[in-house]
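Novice: Below are the sequence and a predicted model for it; my questions follow.
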Amino acid sequence: MNPSKPRVRFAPSPTGYLHVGGARTALFNWLYARHVGGTFVLRIEDTDRERSSAAMTQAILDGMQWLGLDWDEGPLHQADGLGRHRADALRLLENGAAYRCFCTTEALEQRRRGAADPVHAFRYDRHCLRHVDAGAAEQRARAGEPHTVRFRVPEGVTHWDDAVHGGIEFSNADIEDFIVLRTDGTPIYNLAVVSDDIAMRITDVIRGDDHISNTPKQILLYRALGAALPRFAHVPMILGPDGKRLSKRHGATAVGEYQHQGILPDAMVNFLALLGWSPGTEQEVFSEAELVEQFSLEGINRKSAIFDLRKLEWLNNQHLNRRGAADIEPVVRRGLIAAGLATAEQLDRERAWFRRVIDLLKVRARNMDDIVLQARPYFDDEIAYDEEAVARHWKDAATAERLEALRAGFATLDTWEEAALEEVLRKRAEELGIGAGKLIHPLRVALTGMAVSPGIFEVAAVMGRARVEARLAAAVARLRARPGPSPGGPSALRRA
RNA sequence: GCCCCCAUCGUCUAACGGUUAGGACGCCAGGCUUUCAAUCUGGUAACCCGGGUUCGACUCCCGGUGGGGGCACCA
């Protein structure tokens, strides 16, 4: 339609889940397309049918949808372009840019063995280019003799101006006459990619650094096919904390795992964008809209980056608190159900209350574990007391009596809300001649079992009258049942 | 073995020949607070090494070193 509008693509192979490196490549393509008002094409590179699967394709689409990376065209399947790939190979054959090779795998293996590094140092020796003339090759091919098609790499150097690296060049002498069509007539990656990118009129190829060494081969193919070159932008890789390529042993690598860990898509996108790209300003927290607005290829860094979970979680907390409870409800909901703390029906029924709980928890949460841990006292009928919290805040012999006084005080309340609860507690403290803290901390342990929680009056208000009374009664009972602490001495419960 | 890319605090990064080398995460200390978190204030910490070019190099050039990637009838 509009030839001046950039067209970019994300082209994952469906051999695994969408991992963070792939997600970032997709993100950069998407950000660029949205920034310039271009078109974002999604293409599934499924020419390796052995390793590809429909399930993995779906997993990748799910990952992109979760991140909010919507595509304008596709998903197209590379395998559907088989006819065109073959036709392009044929054109190469016709214009002399490629030739048929009858060398068998075994024969190549044998020649390879002579090389310094048997697996990598061998470069195809052009046996069939030198010994089989075009006419004879056509005849043997027509007779059905198995063969591959090899690209004839020309002399000289191949150079391009990379949008992130600047000028890069390779000596063609270092590139062997690579195969473009297998014995079975299917295309090899480099041909399929170039053929597809030409057909889809891709103007900017934004992909991982690991493709730099494929680029000269692809440029040679573009030229041999008489097509205009796209602009190339090679973005740096993402490494694990040890500086090695990110892999499973570093922890979660698939974006879906972060989804289940309670990371918000906004936070993931924000984090990934900042890994290898900088706006040039000091802004750290971005919405997707802000990223789209500020993104540019020029801001992409050349250095590979290390995945830092801490910063991701910090960003998650930032985004958690920029969102209203209604926004993050689905995420928390899934976590609570998965943890067995609540049922979908219950959360639906008590939605307004559920949102109050979320508002209480999100401030001090960075991931799903934090949320679930904090949510437990509001959902679970059982209460687990943290030993250290008990030792620290229930050590006073008068604790039981004080909590009982508090329970009685709360019982007089007509309305169950924060300010009233606070008033009662402070009044009781005064009557007992103690600081409010002497009631607040024991109360916190009684209600949550923990030494830390949100403001205790909010907690009590949200928790509700029935549960607070039950918890106080349970605490008093427990305290009265235990052997009395030696007065004045260090608590027997306290650890040395 | 050959080819290519890269190099600023522990980590993510800013700097585009002249700055007390800035910000963020983390960490430490303090303020606020009923605890924790959030937040605020302060602190800790970096130009890989060696040569050039230049009046002057984090910045430009060359060489090392280190890290990463690639070199298949995988993608």
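Specialist: All right, it came through fine.
Novice: Contact partners for the residue nearest to residue A:323 when sequence neighbours are not counted?
Specialist: Distances taken as CB to CB, 6 or more residues apart in numbering place residue A:264 nearest to residue A:323, at 7.2 Å, with adjacent residues excluded. For the C-beta atoms, the positions are set from N, CA and C on the backbone; glycine is no exception. Applying CB atoms under 8 Å, 6 or more residues apart in numbering to residue A:264 gives the contacts A:316, A:319-320, A:323, A:328, A:331.
Novice: of those, closest to RNA strand B?
Specialist: Among the contacts of residue A:264, residue A:320 lies closest to RNA strand B (CB to the nearest atom of the strand), at 9.5 Å.
Novice: pLDDT score assigned to residue A:118?
Specialist: Looking at residue A:118, its pLDDT stands at 66.
Novice: Quick check on the residue nearest to residue A:323: phi, psi?
Specialist: When read as degrees, to the nearest 10, the backbone of residue A:264 gives phi -80, psi 140.
Novice: picking that back up, kindly indicate the member of the contacts of residue A:264 with the most neighbours.
Specialist: residue A:320 (27 neighbours; other CB atoms under 10 Å).
Novice: Please read off the pLDDT at the spatially closest residue to residue A:98 that is not a sequence neighbour from the model.
Specialist: Distances taken as CB to CB, 6+ apart put residue A:92 closest to residue A:98, at 3.7 Å, once the chain neighbours are dropped. On the pLDDT scale, residue A:92 is placed at 97.
Novice: Repeat that for residue A:395.
Specialist: At residue A:395, pLDDT is 85.
Novice: Just say helix, strand or coil for it.
Specialist: Judged by DSSP: H, G, I helix; E, B strand; the rest coil, the three-state class of residue A:395 is coil.
Novice: And it, how far from residue A:445?
Specialist: Note on residue A:395: its distance to residue A:445, by CB to CB, to the nearest Å, is 11 Å.
Novice: Residue A:229 too?
Specialist: 69 Å.
Novice: Comparing those two, which shows the higher neighbour count?
Specialist: Higher neighbour count among residue A:229 and residue A:445: residue A:445, with 24 against 14, using other CB under 10 Å.
Novice: Need the pLDDT of that one.
Specialist: On the pLDDT scale, residue A:445 gets 94.
Novice: That one is in contact with residue A:391, isn't it?
Specialist: No: applying CB atoms under 8 Å, one finds residue A:445 not in contact with residue A:391, separated by 9.9 Å.
Novice: low-confidence ranges in the stretch 101-250 of chain A?
Specialist: Applying pLDDT under 70 to the stretch 101-250 of chain A flags the ranges A:115-116, A:118.
Novice: where do the strands sit along it?
Specialist: Along the stretch 101-250 of chain A, counting by DSSP state E, counting those that start in this stretch, strands occupy A:148-151, A:157-162, A:166-171, A:179-181, A:204-208, A:231-235, A:238-239.
Novice: Please tabulate those in TSV, including the columns mean neighbour count and distance to residue A:86.
Specialist: As requested, the strands of the stretch 101-250 of chain A are exported to TSV (neighbours: other CB atoms under 10 Å; distance: least, CB to CB, whole Å):
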stretch	mean neighbour count	distance to residue A:86
strand A:148-151	24	9
strand A:157-162	15	25
strand A:166-171	12	27
strand A:179-181	24	7
strand A:204-208	21	23
strand A:231-235	21	26
strand A:238-239	20	36
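Novice: what's the helix or strand for the nearest residue to residue A:469 once chain neighbours are set aside?
Specialist: Nearest residue to residue A:469, sequence neighbours excluded (CB to CB, 6+ apart): residue A:407, at 6.5 Å. For residue A:407, the element it lies in under DSSP states H and E is helix A:399-411.
Novice: Quick check: buried residues in that helix?
Specialist: By neighbour count on 16 or more other CB atoms under 10 Å, the buried set for helix A:399-411 is A:399-400, A:402-407, A:409-410.
Novice: again with stretch A:87-102
Specialist: For stretch A:87-102, the neighbour count (16+ other CB under 10 Å) marks A:88-89, A:92-93, A:97-102 as buried.
Novice: What separates the first and last residues of that stretch, distance-wise?
Specialist: 20 Å (CA to CA, to the nearest Å).
Novice: Name the residues that touch that stretch?
Specialist: Taking CB under 8 Å, 6+ apart as the rule, stretch A:87-102 contacts A:124, A:127-129, A:132, A:134, A:137-138, A:140-141, A:145-152, A:177, A:179-181, A:187, A:191, A:194-195, A:221, A:224-225.
Novice: returning to that earlier point: measure the residue nearest to residue A:323 to residue A:24 for me?
Specialist: For residue A:264 relative to residue A:24 (CB to CB), the value is 17 Å.
Novice: got it, and residue A:163?
Specialist: 16 Å.
Novice: How about residue A:287?
Specialist: Distance from residue A:287 to residue A:24, by CB to CB: 18 Å.
Novice: can you list the residues that contact the helix or strand encompassing residue A:478?
Specialist: Using DSSP H and E, residue A:478 falls within helix A:465-481. Helix A:465-481 is contacted by residues A:378, A:383, A:385, A:394, A:399-400, A:403-404, A:406-407, A:410-411, A:413, A:416, A:442-443, A:445-447, A:460, A:463 when judged by CB under 8 Å, 6+ apart.
Novice: how does it look with 7 Å?
Specialist: Contact with helix A:465-481 is made by A:383, A:394, A:399-400, A:403-404, A:406-407, A:410, A:416, A:446-447, A:460, as judged by CB atoms under 7 Å, 6 or more residues apart in numbering.
Novice: which pair in these spans the largest distance?
Specialist: Spatial extent of the contacts of helix A:465-481 (CB to CB) is set by the pair A:394 and A:416 at 24.5 Å.
Novice: Pick out whichever of these two has more residues nearby.
Specialist: Comparing residue A:394 with residue A:416 by other CB under 10 Å, the one with more neighbours is residue A:394, at 23 against 16.
Novice: who touches the more buried one in this structure?
Specialist: So residue A:394 contacts A:442, A:445, A:479 (CB under 7 Å, 6+ apart).
Novice: Now it: phi and psi?
Specialist: According to degrees, to the nearest 10, residue A:394 has phi -110, psi 20.
Novice: With residue A:91 instead?
Specialist: Here is the backbone geometry of residue A:91 (degrees, to the nearest 10): phi -60, psi -40.
Novice: cool, and the one 5 residues further on?
Specialist: Per-residue torsions, residue A:96: phi 80, psi 10 (degrees, to the nearest 10).
Novice: same question, residue A:182
Specialist: Note on residue A:182: backbone dihedrals following degrees, to the nearest 10 are phi -70, psi 170.
Novice: Pull up the gap between residue A:315 and residue A:410, please.
Specialist: Distance, residue A:315 to residue A:410, by CB to CB: 40 Å.
Novice: Would you agree residue A:461 is in contact with residue A:420?
Specialist: No: counting by CB atoms under 7 Å, residue A:461 stays clear of residue A:420, with 8.8 Å between them.
Novice: okay, the two: which has more neighbours?
Specialist: Using other CB under 10 Å as the criterion, residue A:461 and residue A:420 rank with residue A:461 on top: 21 against 16.
Novice: where does residue A:313 land in three-state SS?
Specialist: helix.
Novice: got a list of what it touches?
Specialist: A:366-367.
Novice: Report the buried members of the contacts of stretch A:87-102.
Specialist: Listed as buried from the contacts of stretch A:87-102 are A:124, A:128-129, A:132, A:137, A:147-152, A:177, A:179-181, A:187, A:191, A:194-195, A:221, A:224-225; burial here means 16+ other CB under 10 Å.
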